[in-house]
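Student: quick check, what structure comes out for this input:
(2 chains)
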Protein chains: 2
Amino acid sequence: MKLGFIGLGIMGSPMAGHLCAGGHELFVHTRSKVPPQLVDAGAAVMSSAAEVATASEAIFLMVPDTPDVEKVLFGANGIVDGLTPGKTVIDMSSISPLATRDFARRVQDLGCDYADAPVSGGEVGAKAASLTIMVGGSESTFNRVEPLIALLGRNITHVGDVGAGQIAKIANQIIVALNIAAVAEALVFASKAGADPAKVREALMGGFAASRVLEAHGERMIKRTFNPGFRIALHQKDLNLALQGAKALDVALPQTACAAQLMQTAAAHGWDELDHSAMVKALELMSDHTVA
Amino acid sequence: MKLGFIGLGIMGSPMAGHLCAGGHELFVHTRSKVPPQLVDAGAAVMSSAAEVATASEAIFLMVPDTPDVEKVLFGANGIVDGLTPGKTVIDMSSISPLATRDFARRVQDLGCDYADAPVSGGEVGAKAASLTIMVGGSESTFNRVEPLIALLGRNITHVGDVGAGQIAKIANQIIVALNIAAVAEALVFASKAGADPAKVREALMGGFAASRVLEAHGERMIKRTFNPGFRIALHQKDLNLALQGAKALDVALPQTACAAQLMQTAAAHGWDELDHSAMVKALELMSDHTVA
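Tutor: Numbers count the residues shown, from 1 in each chain, chains lettered A, B, ... in the order given. Have a look, this model is predicted:
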């Protein structure tokens, strides 16, 4: 197939590479420089998002935030300028589910398909094509895009209609943030109470407290390895999406709001470029005690 | 060995049975009726905790709360009245770690050993002898009691000195409560935003949001199976231990404090006899929306 890809950052570049390696013809556009290995692999560099859309049957987006998706789709020389009926837009960015429904409606009005397919798994998952991918869109759209996104990840779920992928991604980020807070409070408490946090983590891994976060982030808190991983600044953006969405939908998220303030506390001390497991440093500051 | 067991409730009765089945001579005392199957298995019923201690080399406790342990140990006809040097007290109740250190000191002053060994796994784990057991005590005490408690559980960790078992148990209850809140907020948000909560849970099980709580409690929230399990009223007791301990130790636990208030909200509506996964009902009430 002729595929477009817009947004060649640390996630987008390896993802575009996997589509190329899958035997597809690739057309790309980016605000900065296109990675040379993509050009070597045969990707055609276009001068605008509109040109990418003109040349492609399906166009992937992987950009930072809601306003970026809006600009790439509907801004000057945007994707919609190159769309003709029957083409598909697949947004793999993590953005607002409510804005996603609006964008999809405007693209569908042109006779095109729209799927939201945000990912979890970070740079490591993007490089290894092992991303978790949560897809929103109609049944027929999902069946059409599934063979393409299967080149990018292992754990692909069709969650529901357009926007459902973004909703699932926000649910994911809520749980990860609160599980990090859970492990952080437990380890700060245990450590200041005089127990060995490494032994406590080990004891708890066998019971109902077991989680991927206790395993991975708990170890980082004990070993003090706060190089990202997933940066606090990015998780702040995702919790902001959760709280804005909750406001619009009249949902009460007291724990998420508190976790966002703990991340804010970390950011206030310049720790927002550290891994999100460094949220423990906010609780350590508040408790005047370091875990290890 | 000659073993004593005090506290034959829904957890204590099957645990005492496993010690009997392990070939030990058992002496029991309880405020209510001794289960007939324990008598049939050969347990001798004594008229006081002091008599149990007089007859036994090691005495197990499995009672509800800190004041109960204090009364059984030091009250009228309490365990200390029957202790002679070289005997061991093993407290498997879930109580205050700070009180535990005080109780241990007073028992050790009589030339006896003390271990705290609280458990996780509930009635199911007690019956199946599959409990997670977190042990606090000296190395030599742990080595002496380990073959006995190995009859009761599978996942046994020596966490540290006296009190460390209780600290680890509190850390466990903090993480479980906050992981339940995490899943509850995520599912209420996803559901009110229009996604299918069952599909969202399925999508998230493969990524960093994965946990025992997402698996078990998440399913209960979706299927509305709130029969306990572990009752909210009991988890409230454990979070109270966490917050009292945090106050004494100058530890800040903002998320735990908020989770305790969500459980309190559930209790205010008469849901404290439901499984702790029913914490979701508090968030549903606040958000005016039911997950499923």
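
Student: in chain A, which spans are strands?
Tutor: In chain A, the strands defined using DSSP state E lie at A:2-6, A:25-29, A:44-45, A:58-61, A:88-91, A:113-116, A:119-120, A:131-136, A:153-160.

Student: just these: most buried one?
Tutor: Most buried of those by mean neighbour count (mean count of other Cβ atoms under 10 Å in any protein chain shown) is strand A:131-136; its value is a mean of 29. Every residue, glycine included, has its C-beta placed from N, CA and C.

Student: tell me which residue of chain A is furthest from the middle?
Tutor: Largest separation from the mean C-alpha position in chain A: residue A:194, at 37.8 Å (Cα atoms, centre = their mean).

Student: burial count for the closest residue to residue A:51 other than its chain neighbours?
Tutor: The shortest distance from residue A:51 to any non-neighbouring residue, by Cβ to Cβ, 6 or more residues apart in numbering or on different chains, is to residue A:82 (6.4 Å). By other Cβ atoms under 10 Å in any protein chain shown, 21 other residues sit near residue A:82.

Student: list the residues that contact residue A:82.
Tutor: A:49, A:50, A:51, A:52, A:53, A:54, A:55 (Cβ atoms under 8 Å, 6 or more residues apart in numbering or on different chains).

Student: now swap in residue A:94 and tell me
Tutor: A:118, A:119, A:166, A:169, A:173, A:238, A:241.

Student: what about those residues, which are in helices?
Tutor: A:166, A:169, A:173, A:238, A:241 (DSSP state H).

Student: could you report the pLDDT at the residue lying closest to residue A:119 once chain neighbours are set aside?
Tutor: Nearest non-adjacent residue to residue A:119, counting by Cβ to Cβ, 6+ apart: residue A:131, 4.3 Å away. Residue A:131 carries a pLDDT value of 95.

Student: shouldn't residue A:131 be in contact with residue A:154?
Tutor: Yes: counting by Cβ atoms under 8 Å, residue A:131 does reach residue A:154; the two are 7.4 Å apart.

Student: is it true that residue A:51 touches residue A:29?
Tutor: Yes: the criterion here is Cβ under 8 Å, and residue A:51 meets it with residue A:29 at 7.0 Å.

Student: okay, now residue A:271: neighbour count?
Tutor: 21.

Student: what distance separates stretch A:141-159 from the centre of its chain?
Tutor: 16 Å (Cα atoms, centre = their mean, to the nearest Å).

Student: start to end distance for it?
Tutor: 13 Å (Cα to Cα, to the nearest Å).

Student: tell me the mean pLDDT over that stretch?
Tutor: So the average pLDDT for stretch A:141-159 ends up being 97.

Student: one step back: ok, now which ones touch the residue nearest to residue A:119?
Tutor: Contacts of residue A:131 by Cβ under 8 Å, 6+ apart are A:119, A:120, A:121, A:125, A:152, A:153, A:154, A:155.

Student: where do the helices sit along chain A?
Tutor: Counting by DSSP H, the helices of chain A are A:12-21, A:36-40, A:49-55, A:66-74, A:97-108, A:122-128, A:139-149, A:164-192, A:197-204, A:212-223, A:232-249, A:254-268, A:279-287.

Student: adding mean neighbour count, write those out as TSV.
Tutor: Shown next, in TSV, are the helices of chain A (neighbours: other Cβ atoms under 10 Å in any protein chain shown):
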stretch	mean neighbour count
helix A:12-21	22
helix A:36-40	13
helix A:49-55	22
helix A:66-74	19
helix A:97-108	19
helix A:122-128	17
helix A:139-149	16
helix A:164-192	30
helix A:197-204	24
helix A:212-223	21
helix A:232-249	19
helix A:254-268	20
helix A:279-287	23
